[in-house]
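> for reference, the sequence and a predicted model appear below.
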Amino acid sequence: MALRAALRNKCGFSGMSGVVTQLFSCSSSSHGRVYAPPIVIAQRRNSSTSPKIKVDLDQSTGVAVMHMQNPPVNSLSLDFLTEFCINLEKLEMDKSCRGLIITSSVPKVFSAGLDIMEMYGTTPERCGEFWKAVQEMWLKLYSSNMVTIAAINGFSPAGGCLISLTCDYRIMADNPRYSIGLNETQLGIVAPFWFKDTMVNTVGHRTTEMSLELGLLYNPSEALKIGLVDHLVPEEQVLTTATQTMTKWLAIPDHARQITKSMMRKPTADKLTSNREADIQNFVSFITKDSIQKSLRVYLEMLRKRKG
Ligand code: CO8
């Protein structure tokens, strides 16, 4: 709780600045996203800078860009996930924010997925706390009322792929060196049912089955072909394309889009919501097994050797 409180303070939006350049009007429902046509567009930006995540909210467009900045590889540690969730919650409650683009400030890497060091050689208590934060991140993002777009500007294995799949739309840098996929089995671990469900809902059962069993990582062209991503663009255009795509999505009335999104996603989210504790227990007992710890150690050594 102390960590949460400390992060809350760090994550507070600050430094509102800017000039009103055009007129806009924006009314809100309980989730703050019933939008009226622009009368005045205010070029006001809220920026929040916290150690691992930077959020820029453009109040004139209602679009926030969340930059993950946790070098060297944007791994999803407990601290990172806590910050991520706090920022997400703040944006969700902010009536002026209707769309969220998630991208990386770390060169060549969108996210290397869950921080392996949170799963290797730690206590069952810490593992449980960590897994709860992973669940929280997924539930919040998957059920978000905002339009969410992943601007995938680098490698995106495992948890990085999960974040992408959890968004409404995926734009990836067309660089054949990058890859994306749920590669858990390659580490000797198993993607839980809600990772699997998220992928099934995106690319279908057969592709997911093969993908998960083999722990496949796809290059951008392959990922586009199977529908794992929606659009490829040159790397330098990822963010601008995400912004343009967001404009199209935001042209749809919020209430209709949100109800539709909920209709599509709620049954999947509810499966985890009603099984959270059992899912945490499963994770902790699985990950703390000697054989699984050994697999993780071998994988970490492989990562180090590859580097050398
Ligand atoms: N967690 C922790 N540390 C990591 C991770 C990670 N996921 N990935 C890389 N690192 C570390 C490396 O060990 C290295 O550390 P050091 O500098 O101390 O040697 C440092 O980050 C930099 O890594 P690289 O030199 O490999 O960086 P590159 O830019 O060359 O490559 C890659 C970037 C491609 C992202 C590469 O690092 C990579 O492939 N990483 C592994 C990615 C991966 O396999 N992630 C899977 C994580 S598991 C997960 O997300 C879902 C788990 C579900 C659990 C279910 C259990 C029941």
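Perfect, thanks for sending it.

> angles on the backbone of Asp58, please.
Reported as degrees, to the nearest 10, the phi and psi values for Asp58 are phi -90, psi 110.

> where's it relative to Arg206, distance?
For Asp58, the distance to Arg206 (CB to CB, to the nearest Å) stands at 41 Å. All C-beta atoms are positioned from the backbone trio N, CA, C, and that covers glycine.

> ok, Val200 next?
10 Å.

> for Val229, give me its contacts.
Contacts of Val229 were listed using CB atoms under 8 Å, 6 or more residues apart in numbering, and they are Ile152, Ser164, Arg170, Ile171, Met172, Ile180, Pro220, Ala223.

> what residues of the host helix or strand of the last one count as buried?
If I follow you right, that is Ala223. Secondary structure assigned from DSSP states H and E places Ala223 in helix 220-226. Of all the residues in helix 220-226, those buried under the rule 16 or more other CB atoms under 10 Å are Pro220, Glu222, Ala223, Leu224, Ile226.

> for the protein, which spans come out with low pLDDT?
Counting by pLDDT under 70, the chain has low-confidence residues at 1-50, 308.

> what parts of it come near the ligand?
By the rule CB under 6 Å from any ligand atom, the part of the chain lying against the ligand is 72-73, 75, 108-109, 112-117, 155, 157-159, 183-184, 187, 189-192, 283, 286-287, 303-304, 307.

> in helices only, show me those residues.
Of the positions in these, Gly159, Phe283, Phe286, Ile287, Leu303, Arg304, Lys307 sit in helices, assigned by DSSP state H.

> redo those as a markdown table? Include neighbour count.
Compiled in a markdown table, those are given as follows (neighbours: other CB atoms under 10 Å):
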| residue | neighbour count |
| --- | --- |
| Gly159 | 24 |
| Phe283 | 22 |
| Phe286 | 15 |
| Ile287 | 21 |
| Leu303 | 13 |
| Arg304 | 9 |
| Lys307 | 6 |
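
> what is the nearest of those to Thr260?
For these, the residue nearest Thr260 by CB to CB is Gly159; the value is 26.9 Å.

> ok, that closest one touching Ser77?
No. Contact criterion CB atoms under 8 Å: Gly159 and Ser77 do not qualify, at 10.6 Å.
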